[in-house]
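Asks: sharing a sequence plus its predicted fold:
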Amino acid sequence: MTNPESLDPALAELGDRLRAAMASAGLPSTDPGFERPRQAEHGDWASTVALRLSKEARRPPRDIAAALVDGLDLPALVESVEVAGPGFLNFRFAHAWHEQLVRRVLADGDSFGRFETDEPETVNLEFVSANPTGPLHMGAGRWAATGDSIAALLEAEGHRVVREYYVNDAGEQVRRFGESVVLAHRGLELTDLHYRGAYVAELAAELAAQHGPVLFEPRPGDAAAPEPHAVGAGHNGATLVDDEVEQAAADPRVEPGVAARVGPLAVAAMRTHIEQTLHGMSVDYDVWFSEQSLHDSGAIVTAVDQLRDAGHTYEQDGALFLRTADKGDDKDRVLVRSDGRPTYFAADCAYILDKWSRSDRLLYLLGSDHHGYVARLHAVAECLAIPRDSVEVRIGQLVNLMRDGEPVRMSKRAGELITLDEVLEDVGVDVARYHFLRQGLDTQVDFDLSVVSEQSMENPVYYVQYAHARIASLVRTADERGFDPGKGDQADLSMLTHEAELALLSAMGRLPQTVAEAADLRATQRLARYAEDLAGTFHRFYTECRVLVDDQDLARARYWLARAAKQVLANALALLRVSAPEHM
């Protein structure tokens, strides 16, 4: 976890003074362990150091706390310290600390709340990775919003993040998708084994327009069966196919060569549609990694050879197995079938190895139907000599789509689950993103289209955005009245002593720590709830403290406080990748 001392120079100085007090009292030196008190009346920061030193020092925590207070030389920006409860040290910072905060926010601008961690990593973050055999459904929206915001939080913490999408463009599903598109083009009925929905016919028409109807016509040699690949499905795909399952029989109405030709083109076109959908949600990937490239480059053979050479494999009934059960998986996994074909799992091993060659940490966001995949990933990592703690998997619960409390199941376009495009068109990008981000991944989301799209102060995203727009309106009003705010670094901020002003100052100061906690815990909801709290604190300030008062000095102080609050709100929304409007 990020040390709070690295986020605030005043807190860092207090930490140094507290360590000096430990030495003076003959106590072991340790991290002060600063944390925010739950109740504002307990001060700005608290330390549990006395409780943690009690056992080693063989002294009661309150005695240790009292000794530390006696030997502590408080910095100028710390007003007081008191011993509370069983031995907590509660620190109250001077008003000058709050004044410096406003000036720091105004000076830092967009970078306030961002910092450099002591141990920066290159993090490969894979999220969504749905099969490119159909449009993204509603559930993918949660992974898209969450993954993108976690990436932004990690970047704010000083890490380099690679947003990656694994494109399952190899195997049985590509052939079957090709068959589906060919049948749709020919106006023939699709069976339960095919991909169905209006989008399949639309894609057939799109490919016919691009390549001409000749694309779907047989050519010499098309009757020959294509070389089979491993059965596969995306990490977050709608269908999971077991590694040992054989290919389904080809549909006799479609020549294998035609399906083999159309399948990759259909997958590529659908991948483009997926990319457009995600871009429309303000989610853009750094890498679109092709599964087929692992076959073409020989990476799968290399990975299998590495596992074999390391002694992690064995042969049984002509197939090659990886000993994953010894490393926490529920069973050993087949790498190569008895007929010599690599499994999808073998491709997965090659992919993990490739990602590790480019990263310090592998971070996956997976749906709750992929719990079994966690142990498998860790087992593979151990077999490939990748530290288990460098492979991090976060499991998220699914999304229930509703309207007026009733489940929404049918899509106007796809004829299946409602598509993400439809939801974004219905409620808007900001609303959709924010609703997903304010819920923890371990919480199942009920996404009621009627409720989340309501444009009122009861809607959390509008509540936060309205606070930002309200400040923008205040600034415009000041300009229209000819108000001279002076310069922020010259305003007399010591005049900000009203309870609502102090509450707003305190709330603004919590952004860096909130960003650190949200990044470390992969918990976007912490930042969303912080934004709501900050917005509420500003709305209270705006109600109780008129800004453009006759007292010029007070008006300037409140004006720059409002401008700083606007910046903090904008920075929080930017990390959530939600817009901060100037008008509403």
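Replies: Here it is on my side, so go on. Residues are numbered from 1 along each chain as shown.
Asks: give me the sheet partners of the one helix or strand in the chain whose mean pLDDT sits lowest and which way each runs.
Replies: Within the chain, confidence by mean pLDDT, DSSP states H and E is lowest for strand 406-407 among all helices and strands, at a mean of 80. Its sheet considered, strand 406-407 pairs with strand 399-403 (antiparallel) by DSSP bridges.
Asks: list the contacts of the strand it pairs with.
Replies: 138-139, 141-142, 407-408, 417-418, 423, 436, 444-450 (C-beta atoms under 8 Å, 6 or more residues apart in numbering). C-beta: built from backbone N, CA, C; applies to glycine.
Asks: if we use 10 Å, what do you get?
Replies: 137-143, 367, 407-409, 417-418, 422-423, 426, 435-436, 439, 444-453 (C-beta atoms under 10 Å, 6 or more residues apart in numbering).
Asks: mind listing what's buried in it?
Replies: 399, 401-402 (16 or more other C-beta atoms under 10 Å).
Asks: quick check: most distant residue from the centroid of the protein.
Replies: P220 (49.4 Å; C-alpha atoms, centre = their mean).
Asks: on that earlier part again, check which element follows the least confident helix or strand of the chain along the chain.
Replies: Later in the chain than strand 406-407, the nearest helix or strand by DSSP states H and E is helix 420-427.
Asks: any idea of the mean pLDDT for the very next helix or strand once past that following helix?
Replies: On the C-terminal side of helix 420-427, the nearest following helix or strand under DSSP H and E is helix 429-437. Helix 429-437 shows a mean pLDDT of 94.
Asks: next, the angle from helix 429-437 to strand 399-403.
Replies: Angle, helix 429-437 to strand 399-403, by axes from the mean of the first three to the mean of the last three C-alpha atoms, to 10 degrees: 130 degrees.
Asks: helix 429-437 packs against which elements?
Replies: On a contact count with 3 or more C-beta pairs under 10 Å, 6 or more residues apart in numbering; DSSP states H and E, helix 429-437 meets helix 138-156, helix 420-427, strand 445-448, helix 449-452, helix 460-480, helix 524-544, helix 552-576.
Asks: report the buried residues of it.
Replies: 429-437.
Asks: determine how far it lies from the middle of the whole chain.
Replies: On the basis of C-alpha atoms, centre = their mean, to the nearest Å, helix 429-437 sits 12 Å off its chain's mean C-alpha point.
Asks: that one to helix 460-480, inter-axis angle?
Replies: 130 degrees.
Asks: can I get helix 429-437 in PDB, CA atoms only?
Replies: Only the C-alpha atoms of helix 429-437 are listed here, as PDB (Å, rounded to 0.1, in the frame of the first residue of the first chain):
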ATOM      1  CA  VAL A 429     -21.600   7.100 -21.700                       C
ATOM      2  CA  ASP A 430     -21.000   9.100 -18.500                       C
ATOM      3  CA  VAL A 431     -24.100   7.500 -16.800                       C
ATOM      4  CA  ALA A 432     -23.200   4.000 -17.800                       C
ATOM      5  CA  ARG A 433     -19.500   4.300 -16.700                       C
ATOM      6  CA  TYR A 434     -20.300   6.000 -13.400                       C
ATOM      7  CA  HIS A 435     -22.900   3.500 -12.400                       C
ATOM      8  CA  PHE A 436     -20.500   0.600 -13.000                       C
ATOM      9  CA  LEU A 437     -17.600   2.300 -11.200                       C
END
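Asks: what residues does the least confident helix or strand of the chain touch?
Replies: 400-401, 446, 448, 450.
Asks: please repeat the previous calculation with a cut-off of 8 Å.
Replies: Strand 406-407 has contacts (C-beta under 8 Å, 6+ apart) with 400-401.
Asks: K355: which element?
Replies: Counting by DSSP H and E, K355 is part of helix 344-356.
Asks: and that helix, C-alpha only, in PDB?
Replies: What follows is helix 344-356, C-alpha atoms only, in PDB (Å, rounded to 0.1, in the frame of the first residue of the first chain):
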ATOM      1  CA  TYR A 344      -6.400 -23.600 -26.300                       C
ATOM      2  CA  PHE A 345      -4.700 -24.000 -22.900                       C
ATOM      3  CA  ALA A 346      -1.400 -24.400 -24.700                       C
ATOM      4  CA  ALA A 347      -2.000 -21.100 -26.500                       C
ATOM      5  CA  ASP A 348      -2.800 -19.600 -23.100                       C
ATOM      6  CA  CYS A 349       0.500 -20.700 -21.800                       C
ATOM      7  CA  ALA A 350       2.300 -19.100 -24.700                       C
ATOM      8  CA  TYR A 351       0.300 -15.900 -24.200                       C
ATOM      9  CA  ILE A 352       1.200 -15.600 -20.500                       C
ATOM     10  CA  LEU A 353       4.800 -16.100 -21.400                       C
ATOM     11  CA  ASP A 354       4.700 -13.400 -24.000                       C
ATOM     12  CA  LYS A 355       2.900 -10.900 -21.700                       C
ATOM     13  CA  TRP A 356       5.500 -11.600 -18.900                       C
END
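Asks: now the closest residue to V374 other than its chain neighbours, what's its secondary structure?
Replies: Distances taken as C-beta to C-beta, 6 or more residues apart in numbering place V393 nearest to V374, at 4.6 Å, with adjacent residues excluded. Judged by DSSP: H, G, I helix; E, B strand; the rest coil, the three-state class of V393 is strand.
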